[in-house]
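> Pasting a predicted model and its sequence here:
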Amino acid sequence: MLVHSLIVEQLNLDGTLKTFRMRSSPKYGEITVAFVDEYEEPREGPFYFLDKNYAQSYIEGFAECEARRLGKKYFRCLEASYEISISWYNISTKSNELSIYSLSLPKYAIPKRLHITDPHNCSHEFQRYLLKDEQNNCFIVYLLCKSRYGQFHFDLSCEFNIDTSNFDLADYKDDFTTDNPYKHRQDLLKYTLSAEEQVKVQDFLQPPTSVNYINYSTVNIQNSQIGGSLINAERVNAEQLGGNIHNNNA
(Lines give C-alpha, C1' and ligand atoms only; values in the text may rest on other atoms or scores of the structure.)
Protein backbone atom coordinates (compact mmCIF):
# COMPACT_ATOMS: atom_id res chain seq x y z
CA MET A 1 0.00 0.00 0.00
CA LEU A 2 1.31 3.45 -0.95
CA VAL A 3 1.04 6.03 1.83
CA HIS A 4 2.06 9.62 2.36
CA SER A 5 2.63 9.46 6.11
CA LEU A 6 2.49 7.17 9.14
CA ILE A 7 1.69 7.66 12.81
CA VAL A 8 2.93 4.71 14.84
CA GLU A 9 2.13 4.32 18.53
CA GLN A 10 3.10 1.53 20.91
CA LEU A 11 1.44 1.10 24.30
CA ASN A 12 3.21 -0.62 27.18
CA LEU A 13 1.44 -2.24 30.10
CA ASP A 14 2.92 0.28 32.53
CA GLY A 15 0.94 3.03 30.80
CA THR A 16 3.78 4.49 28.76
CA LEU A 17 3.28 5.30 25.09
CA LYS A 18 5.80 5.73 22.29
CA THR A 19 4.80 7.85 19.29
CA PHE A 20 6.65 8.06 15.99
CA ARG A 21 5.67 10.01 12.88
CA MET A 22 7.04 9.49 9.39
CA ARG A 23 6.39 11.43 6.19
CA SER A 24 7.32 10.50 2.66
CA SER A 25 10.50 12.07 1.36
CA PRO A 26 10.83 13.78 -2.05
CA LYS A 27 14.07 11.84 -2.43
CA TYR A 28 12.51 8.39 -2.00
CA GLY A 29 8.90 9.06 -3.02
CA GLU A 30 5.83 7.60 -1.37
CA ILE A 31 6.20 5.06 1.43
CA THR A 32 5.31 1.51 0.43
CA VAL A 33 4.18 -0.63 3.35
CA ALA A 34 2.65 -4.06 3.90
CA PHE A 35 0.76 -5.23 6.96
CA VAL A 36 2.02 -7.74 9.51
CA ASP A 37 0.15 -10.72 8.05
CA GLU A 38 1.33 -10.23 4.45
CA TYR A 39 4.84 -11.66 4.86
CA GLU A 40 6.64 -14.08 7.12
CA GLU A 41 9.91 -12.21 7.35
CA PRO A 42 11.74 -10.48 10.20
CA ARG A 43 10.18 -7.08 10.82
CA GLU A 44 10.46 -4.01 13.03
CA GLY A 45 7.20 -2.43 14.11
CA PRO A 46 3.66 -2.75 12.71
CA PHE A 47 4.63 -2.54 9.01
CA TYR A 48 6.89 -4.14 6.46
CA PHE A 49 8.71 -1.34 4.63
CA LEU A 50 9.35 -2.38 1.04
CA ASP A 51 11.99 0.35 0.62
CA LYS A 52 15.14 -0.23 2.66
CA ASN A 53 15.68 3.51 3.12
CA TYR A 54 12.34 3.94 4.87
CA ALA A 55 12.88 0.72 6.81
CA GLN A 56 16.14 2.05 8.20
CA SER A 57 14.59 5.47 8.92
CA TYR A 58 11.84 3.79 10.92
CA ILE A 59 14.24 1.62 12.94
CA GLU A 60 16.45 4.57 13.84
CA GLY A 61 13.60 7.01 14.44
CA PHE A 62 11.46 4.76 16.61
CA ALA A 63 14.47 3.76 18.72
CA GLU A 64 15.04 7.43 19.56
CA CYS A 65 11.42 8.01 20.63
CA GLU A 66 10.81 8.46 24.34
CA ALA A 67 8.12 6.45 26.10
CA ARG A 68 5.88 8.93 27.91
CA ARG A 69 3.54 7.94 30.73
CA LEU A 70 -0.11 8.63 29.97
CA GLY A 71 -2.25 10.55 32.44
CA LYS A 72 -4.83 8.73 34.56
CA LYS A 73 -7.62 10.02 32.35
CA TYR A 74 -6.06 8.34 29.32
CA PHE A 75 -4.86 5.03 30.77
CA ARG A 76 -6.74 3.27 33.53
CA CYS A 77 -6.37 -0.04 35.31
CA LEU A 78 -9.82 -1.51 35.93
CA GLU A 79 -10.73 -4.53 38.06
CA ALA A 80 -9.79 -7.15 35.50
CA SER A 81 -8.79 -5.11 32.47
CA TYR A 82 -7.15 -1.93 31.20
CA GLU A 83 -8.51 1.00 29.20
CA ILE A 84 -6.74 3.46 26.94
CA SER A 85 -8.19 6.64 25.43
CA ILE A 86 -6.34 8.55 22.70
CA SER A 87 -7.34 11.50 20.55
CA TRP A 88 -5.69 12.82 17.41
CA TYR A 89 -6.67 16.08 15.77
CA ASN A 90 -5.56 17.90 12.62
CA ILE A 91 -3.83 14.99 10.89
CA SER A 92 -2.93 16.62 7.59
CA THR A 93 -4.43 14.95 4.53
CA LYS A 94 -4.26 15.83 0.84
CA SER A 95 -6.09 14.69 -2.27
CA ASN A 96 -4.92 11.26 -3.45
CA GLU A 97 -2.70 10.84 -0.40
CA LEU A 98 -3.28 8.35 2.40
CA SER A 99 -2.03 8.40 5.98
CA ILE A 100 -2.19 5.41 8.34
CA TYR A 101 -2.40 5.43 12.12
CA SER A 102 -1.40 2.31 14.04
CA LEU A 103 -1.56 1.40 17.73
CA SER A 104 0.24 -1.68 19.02
CA LEU A 105 -1.32 -2.97 22.22
CA PRO A 106 0.82 -4.50 25.00
CA LYS A 107 2.00 -8.08 24.69
CA TYR A 108 -0.76 -10.67 25.19
CA ALA A 109 -3.40 -7.94 25.37
CA ILE A 110 -6.77 -9.13 24.03
CA PRO A 111 -9.28 -6.40 23.10
CA LYS A 112 -12.69 -6.52 24.78
CA ARG A 113 -14.06 -3.28 23.36
CA LEU A 114 -12.86 -0.91 20.65
CA HIS A 115 -14.30 2.39 19.49
CA ILE A 116 -12.83 4.89 17.02
CA THR A 117 -15.19 7.79 16.46
CA ASP A 118 -15.42 11.18 14.83
CA PRO A 119 -15.01 13.86 17.54
CA HIS A 120 -17.53 16.04 15.69
CA ASN A 121 -20.09 13.22 15.51
CA CYS A 122 -19.64 10.67 18.28
CA SER A 123 -22.24 8.35 16.76
CA HIS A 124 -20.09 7.91 13.67
CA GLU A 125 -17.63 5.01 14.01
CA PHE A 126 -14.69 4.78 11.64
CA GLN A 127 -13.89 1.53 9.86
CA ARG A 128 -10.70 0.09 11.39
CA TYR A 129 -8.58 -3.01 11.13
CA LEU A 130 -7.20 -5.27 13.82
CA LEU A 131 -4.39 -7.71 13.08
CA LYS A 132 -2.53 -10.08 15.33
CA ASP A 133 1.24 -9.66 15.27
CA GLU A 134 2.46 -13.23 15.67
CA GLN A 135 6.09 -12.17 15.91
CA ASN A 136 5.55 -9.86 18.87
CA ASN A 137 2.44 -11.46 20.46
CA CYS A 138 0.27 -8.36 20.28
CA PHE A 139 -2.76 -6.96 18.48
CA ILE A 140 -2.36 -3.91 16.27
CA VAL A 141 -5.10 -1.41 15.45
CA TYR A 142 -4.89 0.29 12.04
CA LEU A 143 -6.87 3.32 10.90
CA LEU A 144 -6.72 4.70 7.35
CA CYS A 145 -6.85 8.49 7.59
CA LYS A 146 -8.40 10.35 4.67
CA SER A 147 -10.56 13.48 4.55
CA ARG A 148 -11.78 15.77 1.80
CA TYR A 149 -11.47 18.66 4.27
CA GLY A 150 -7.68 18.40 4.50
CA GLN A 151 -7.61 17.37 8.16
CA PHE A 152 -8.55 14.13 9.91
CA HIS A 153 -9.57 13.74 13.57
CA PHE A 154 -10.49 10.76 15.71
CA ASP A 155 -11.08 9.58 19.28
CA LEU A 156 -9.94 6.06 20.16
CA SER A 157 -11.03 4.03 23.18
CA CYS A 158 -9.99 0.45 23.80
CA GLU A 159 -10.52 -1.89 26.75
CA PHE A 160 -8.37 -5.01 26.93
CA ASN A 161 -7.21 -7.71 29.30
CA ILE A 162 -3.93 -9.62 29.49
CA ASP A 163 -4.19 -13.37 28.88
CA THR A 164 -1.02 -15.27 28.05
CA SER A 165 -2.78 -18.65 28.04
CA ASN A 166 -5.47 -17.85 25.49
CA PHE A 167 -3.73 -15.26 23.34
CA ASP A 168 -2.90 -17.65 20.48
CA LEU A 169 -6.58 -18.43 19.91
CA ALA A 170 -7.90 -14.95 20.73
CA ASP A 171 -9.84 -12.91 18.21
CA TYR A 172 -11.92 -9.75 18.19
CA LYS A 173 -14.64 -8.57 15.82
CA ASP A 174 -17.38 -5.95 15.84
CA ASP A 175 -19.46 -4.19 13.20
CA PHE A 176 -16.67 -1.75 12.40
CA THR A 177 -13.58 -3.90 12.92
CA THR A 178 -12.19 -6.41 10.40
CA ASP A 179 -8.86 -8.10 9.81
CA ASN A 180 -8.58 -7.08 6.14
CA PRO A 181 -7.31 -3.53 5.50
CA TYR A 182 -8.04 -3.89 1.77
CA LYS A 183 -11.63 -5.14 2.07
CA HIS A 184 -13.37 -1.81 2.62
CA ARG A 185 -11.20 0.52 0.56
CA GLN A 186 -14.35 1.88 -1.12
CA ASP A 187 -15.41 3.20 2.29
CA LEU A 188 -12.76 5.90 1.85
CA LEU A 189 -15.02 7.47 -0.77
CA LYS A 190 -17.25 8.89 1.95
CA TYR A 191 -14.31 10.91 3.32
CA THR A 192 -12.90 12.09 -0.01
CA LEU A 193 -15.96 12.76 -2.18
CA SER A 194 -19.06 14.86 -1.83
CA ALA A 195 -22.43 13.12 -1.47
CA GLU A 196 -23.24 13.78 -5.14
CA GLU A 197 -19.87 12.44 -6.28
CA GLN A 198 -20.31 9.31 -4.14
CA VAL A 199 -23.62 8.55 -5.87
CA LYS A 200 -22.04 8.91 -9.31
CA VAL A 201 -19.15 6.60 -8.43
CA GLN A 202 -21.44 3.98 -6.86
CA ASP A 203 -23.70 4.06 -9.93
CA PHE A 204 -20.67 3.58 -12.15
CA LEU A 205 -19.42 0.62 -10.06
CA GLN A 206 -22.87 -0.99 -9.83
CA PRO A 207 -22.82 -4.32 -11.72
CA PRO A 208 -25.39 -4.77 -14.53
CA THR A 209 -28.63 -6.50 -13.56
CA SER A 210 -28.83 -8.41 -16.83
CA VAL A 211 -26.42 -9.83 -19.37
CA ASN A 212 -28.87 -9.42 -22.27
CA TYR A 213 -27.71 -6.66 -24.57
CA ILE A 214 -29.53 -5.00 -27.47
CA ASN A 215 -27.62 -2.79 -29.88
CA TYR A 216 -29.31 0.37 -31.11
CA SER A 217 -28.19 2.60 -33.92
CA THR A 218 -30.01 5.55 -32.41
CA VAL A 219 -31.55 6.40 -29.06
CA ASN A 220 -34.16 8.92 -27.97
CA ILE A 221 -33.01 11.35 -25.32
CA GLN A 222 -35.09 14.07 -23.64
CA ASN A 223 -33.30 16.71 -21.59
CA SER A 224 -30.47 14.29 -20.79
CA GLN A 225 -27.09 15.10 -19.33
CA ILE A 226 -24.09 13.61 -21.13
CA GLY A 227 -20.55 14.27 -19.96
CA GLY A 228 -21.68 17.18 -17.83
CA SER A 229 -23.51 19.06 -20.65
CA LEU A 230 -27.27 19.42 -20.66
CA ILE A 231 -28.80 18.71 -24.05
CA ASN A 232 -32.31 18.71 -25.44
CA ALA A 233 -32.51 16.58 -28.54
CA GLU A 234 -35.06 14.37 -30.20
CA ARG A 235 -32.55 11.88 -31.55
CA VAL A 236 -28.86 11.38 -30.99
CA ASN A 237 -26.71 9.03 -33.04
CA ALA A 238 -25.16 6.18 -31.10
CA GLU A 239 -21.76 7.18 -32.40
CA GLN A 240 -22.08 10.46 -30.52
CA LEU A 241 -22.39 8.47 -27.31
CA GLY A 242 -19.23 6.53 -27.91
CA GLY A 243 -20.61 3.41 -29.59
CA ASN A 244 -23.39 0.91 -29.01
CA ILE A 245 -26.09 1.49 -26.44
CA HIS A 246 -26.65 -1.44 -24.06
CA ASN A 247 -30.11 -1.99 -22.70
CA ASN A 248 -29.80 -4.05 -19.52
CA ASN A 249 -33.55 -4.13 -18.94
CA ALA A 250 -34.29 -6.17 -22.04
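Received it, and whenever you're ready, just let me know what you need. Residues are numbered from 1 along each chain as shown.
> Show me which helix runs longest in this structure.
Once the chain is assigned using DSSP state H, the helix that runs over the most residues is helix 52-64.
> What is the next helix or strand after that helix packed up against?
Once the chain leaves helix 52-64, the next helix or strand it forms, by DSSP states H and E, is strand 68-69. In terms of contacts (3 or more Cβ pairs under 8 Å, 6 or more residues apart in numbering; DSSP states H and E), strand 68-69 is packed against strand 16-23. C-betas here are computed from N, CA, C, even on glycine.
> Show the average pLDDT along the strand it packs on.
For strand 16-23, mean pLDDT rounds to 97.
> now it against helix 52-64, angle please.
Per axes from the mean of the first three to the mean of the last three Cα atoms, to 10 degrees, the angle that strand 16-23 makes with helix 52-64 is 150 degrees.
> which residues are contacting strand 16-23?
Counting by Cβ atoms under 8 Å, 6 or more residues apart in numbering, the neighbours of strand 16-23 from elsewhere in the structure are 4-12, 31, 54, 57-58, 61-62, 65-70, 75, 86.
> hmm, 6 Å instead?
Contact partners of strand 16-23, identified using Cβ atoms under 6 Å, 6 or more residues apart in numbering, comprise 5-11, 61-62, 65, 67-70.
> so which two of those residues are the farthest from each other?
Of all pairs drawn from the contacts of strand 16-23, the one with the longest distance (Cβ to Cβ) is Ser5 and Arg69, at 25.8 Å.
> coming back round to it: for the longest helix of the chain, list every residue counted as buried.
Judged by neighbour count using 16 or more other Cβ atoms under 10 Å, the buried positions of helix 52-64 are Tyr54, Ala55, Ser57, Tyr58, Phe62.
> end-to-end on stretch 30-47?
The distance separating the two terminal residues of stretch 30-47, taken as Cα to Cα, to the nearest Å, comes to 15 Å.
> Could you tell me which residues make contact with the residue nearest the centre of the chain?
A centroid search over the chain (Cα atoms, centre = their mean) returns Leu144, at 2.5 Å, as the residue closest to the centre. Under the criterion of Cβ under 6 Å, 6+ apart, the contact partners of Leu144 comprise Ile100.
> Quick check: what element follows the helix or strand hosting it along the chain?
Using DSSP H and E, Leu144 maps to strand 138-145. Following the chain from strand 138-145 toward its C-terminal end, the next helix or strand by DSSP H and E is strand 151-162.
> Buried residues of that following strand, list them for me.
Residues of strand 151-162 classed as buried under the neighbour-count rule (16+ other Cβ under 10 Å) are Phe152, His153, Phe154, Asp155, Leu156, Cys158, Glu159, Phe160.
> Next one: the fourth one from Val33, what distance?
Taken as Cβ to Cβ, to the nearest Å, the spacing of Asp155 relative to Val33 amounts to 24 Å.
> ditto for the third one
Between Phe154 and Val33 the distance, using Cβ to Cβ, works out to 20 Å.
> Ok, the second one next?
With distances taken as Cβ to Cβ, His153 is found 23 Å from Val33.
> hey, what's the closest residue to Pro181 other than its chain neighbours bridged with?
Across the structure, with Cβ to Cβ, 6 or more residues apart in numbering as the measure, the residue nearest Pro181 apart from its sequence neighbours is Tyr129 (4.4 Å). For Tyr129, the residues forming beta bridges with it (DSSP bridges) are Tyr142, Thr178.
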